[in-house]
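In: Okay, sequence plus prediction incoming.
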Amino acid sequence: MGSLNYPLPRGLHAIPPESLDTRPDAEVDRDISRPKPVSGEKNVWFFWHAGYGAMHPYTKRNVRAWHRRLAKRGWTVRVLDRAPGSPCNVANFLDVSDPRAFPRAFADGAVRGRYAAQHVSDLVRWPLLLRYGGVYADVGLLQIGDLDRLWNETVADPASPFEVLSYNVNGGLANYFLACRAGNPFFERCHRLFLALWAEDGGKTSTDGMHASPLLKGAPLMSSSATIQEDGNTIGPDKVQKMLSDYIVQGQATLMVMGLVDDEDGWDGPRYAADHIYAIDYMVGSQLINEFTNWDGKKAFELMSLPLPKDGEIESAEQKQAREIVEACLQKSFGFKLAHGLIIRVFRYTLGSLWRDHEGSDDVPGTYAHWLRHATTYWNQDELPPALRFPVIEPFKRGPLLREE
């Protein structure tokens, strides 16, 4: 079966060629590496500390697919960095010395810790969205659904109540996909709280222990039943929840603002979340391969590496499972998050980590991985994903955002 002749699942359609940027990779890379000045809110923001040229090949393919599908619909895809002299340096888009935008550790290049690179990228998301608007996505996010249509029918439509797009993660938001117009009041409060967390104890250089801040009192920790085996020791679920909450403390800040009622400021977070946030169920919407494989990264890698049956060949049980995974992702998911951070300590392998370690394995024509990749560039879904609406919850906190409880 040729690489351009994959089965088109029900509920999808081919994007007209004139709506795609089909130039060679090198020309697309040149555009991404030389970003246009910001001229509107149709921006897709990525971040890689060392720059686009230093990214792993499979994440470059992710970003190129976003560009190919969206560039002719008015979107500009940018991968910002902190590389000296780079035209994509964050400092060319934001004032990194402004304490209202960044903590001192970011400006000084002093963010530390096991996941410092991830936390530097966390710190650029809200300042970019608040200043310019658009979408922030991790470089490991495959985009499957029709982002342009979702944007146009929600946050960009004055008649729509929705002001924020994301994924609903057990009542919170996934920070690997965030979208809004410039100056969004929800993310403005989230970022103020985030900066306050970084400013505690005279200025933090890592997120270690941030989950215990009085500013987050009342917000539940990230849920996890996982254990971690390291150096012959077992780290139990209670400690894993704290580690996870520190790792994704940006999510803790988001959760706190969603659960805050501040009458002095006129802010009702539970009502805002229920009325104004369009969040897709994160498991179906962005983690479906993991659900199909019970979070077994090696199994996912092996299945995606299989070749599709050739004409006349009988489909094996493994090929059937791989086909069902690809079809389900394309029909039901809005994206797929290839994870590489703390999750590696829990599961050891993920599909993303194995694509990284086996260069080119995600891009072999005739495989299920390539079928999925082909779809993320050349096809689109007929319908928009449903939102998993937030109920109006009892507030975690009543009072000013930055008052310690």
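Out: Looks like it came in fine.

In: Distance across stretch 259-276, terminal residue to terminal residue?
Out: 14 Å (C-alpha to C-alpha, to the nearest Å).

In: Revised request: answer the last question for stretch 180-189.
Out: Stretch 180-189 has an end-to-end distance of 14 Å (criterion: C-alpha to C-alpha).

In: next one: stretch 99-115
Out: Distance across stretch 99-115, first residue to last, is 22 Å (C-alpha to C-alpha).

In: distance between it and the chain's centre?
Out: Computed by C-alpha atoms, centre = their mean, to the nearest Å, the separation of stretch 99-115 from the middle of its chain amounts to 21 Å.

In: how about it: buried residues?
Out: Residues 101-103, 105-106, 111, 115 are the ones in stretch 99-115 that count as buried (16 or more other C-beta atoms under 10 Å). Just so you know, the C-beta spots here come from the backbone N, C-alpha and C atoms, and that holds for glycine as well.

In: Equivalent analysis for stretch 49-57, please.
Out: Neighbour-count burial for stretch 49-57, counted by 16+ other C-beta under 10 Å, picks out 49, 51-52, 55-56.

In: between those residues, which is nearest Lys36?
Out: Of all the buried residues of stretch 49-57, the one with the least separation from Lys36 (C-beta to C-beta) is Tyr52, at 14.3 Å.

In: Let me know the pLDDT of the closest one.
Out: Per-residue confidence (pLDDT) for Tyr52: 97.

In: Surely it and Arg30 touch.
Out: No. Counting by C-beta atoms under 8 Å, Arg30 is not a contact partner of Tyr52; they are 10.3 Å apart.

In: Please report the number of neighbouring residues for the nearest residue to Trp295 once chain neighbours are set aside.
Out: With sequence-adjacent residues excluded and distances taken as C-beta to C-beta, 6 or more residues apart in numbering, Trp295 is closest to Phe347, at 5.6 Å. Neighbour count for Phe347, taken as other C-beta atoms under 10 Å: 17.

In: can you give me the strands for the stretch 301-405 of the chain?
Out: Remark: strands assigned in the stretch 301-405 of the chain by DSSP state E, counting those that start in this stretch are 335-337, 379-381, 397-398.

In: With distance to Gly172, mean pLDDT and mean neighbour count added, can I get those in JSON lines?
Out: Output for the strands of the stretch 301-405 of the chain, formatted as JSON lines (distance: least, C-beta to C-beta, whole Å; pLDDT from 0 to 100; neighbours: other C-beta atoms under 10 Å):
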{"stretch": "strand 335-337", "distance to Gly172": "15", "mean pLDDT": "98", "mean neighbour count": "25"}
{"stretch": "strand 379-381", "distance to Gly172": "25", "mean pLDDT": "98", "mean neighbour count": "19"}
{"stretch": "strand 397-398", "distance to Gly172": "15", "mean pLDDT": "96", "mean neighbour count": "16"}
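
In: how much space between the residue nearest the centre of the chain and Gly85?
Out: Residue closest to the mean C-alpha point of the chain, counted by C-alpha atoms, centre = their mean, is Tyr176 at 1.9 Å. Tyr176 is 28 Å from Gly85, where distance means C-beta to C-beta, to the nearest Å.

In: And Ala196, by the same measure?
Out: With C-beta to C-beta as the criterion, Ala196 and Gly85 are 32 Å apart.

In: Leu129 too?
Out: Going from Leu129 to Gly85 by C-beta to C-beta gives 25 Å.

In: Of those two, which one has the most company?
Out: Leu129 (26 against 6).
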